[in-house]
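K.L.:
quick check, what structure comes out for this input:
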Amino acid sequence: QVQLVESGGGLVQAGGSLRLSCAASGRSFSTSTMGWFRQAPGKEREFVANINWSGALTNYADSVKGRFTISRDNAKNTVYLQMNSLKPEDTAIYYCAVNARGSTYYTTPDNYNYWGQGTQVTVSS
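P.N.:
Predicted structure coming up:
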């Protein structure tokens, strides 16, 4: 069993930055591929980024490439999402999740089996 708690969301102006954190409990974190997703009102949950267990492999949605960076600290059981150059269209609830498949290849929500409660990110224009 893994429990995930996201933090770091908030209100920011366009062009600003935020860093999201996802603290995990459970013995399997350091061997798990982790992902970030987001869901805007009226839209489906969409993939943002993922990272393999060691941090050596990462994968990003085209919409955030060059602006967002995913990283992890296995000693702290935490995965991060650094978000720069934020745009109003980045407004959403951001969720972290555990990848059940173990590979950064898998980017759809049905391949993730544990989820946090989410943190709201609002970008004003």
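K.L.:
spatially nearest residue to Ser25, not counting backbone neighbours?
P.N.:
Gln3 (4.6 Å; CB to CB, 6 or more residues apart in numbering). Any C-beta I mention is one placed from the backbone N, CA and C, and that applies to glycine too.
K.L.:
contacts only, for the one you found.
P.N.:
Gln3 makes contact with Ala24, Ser25, Gly26, Tyr114 under the criterion CB atoms under 8 Å, 6 or more residues apart in numbering.
K.L.:
out of those, which are inside strands?
P.N.:
Ala24, Ser25, Tyr114 (DSSP state E).
K.L.:
so which of those wins on neighbours?
P.N.:
Ala24 (23 neighbours; other CB atoms under 10 Å).
K.L.:
tell me the contacts of it?
P.N.:
Ala24 sits in contact with Val2, Gln3, Leu4, Val5, Met34, Asn77, Thr78, Val79, Val98, where contact means CB under 8 Å, 6+ apart.
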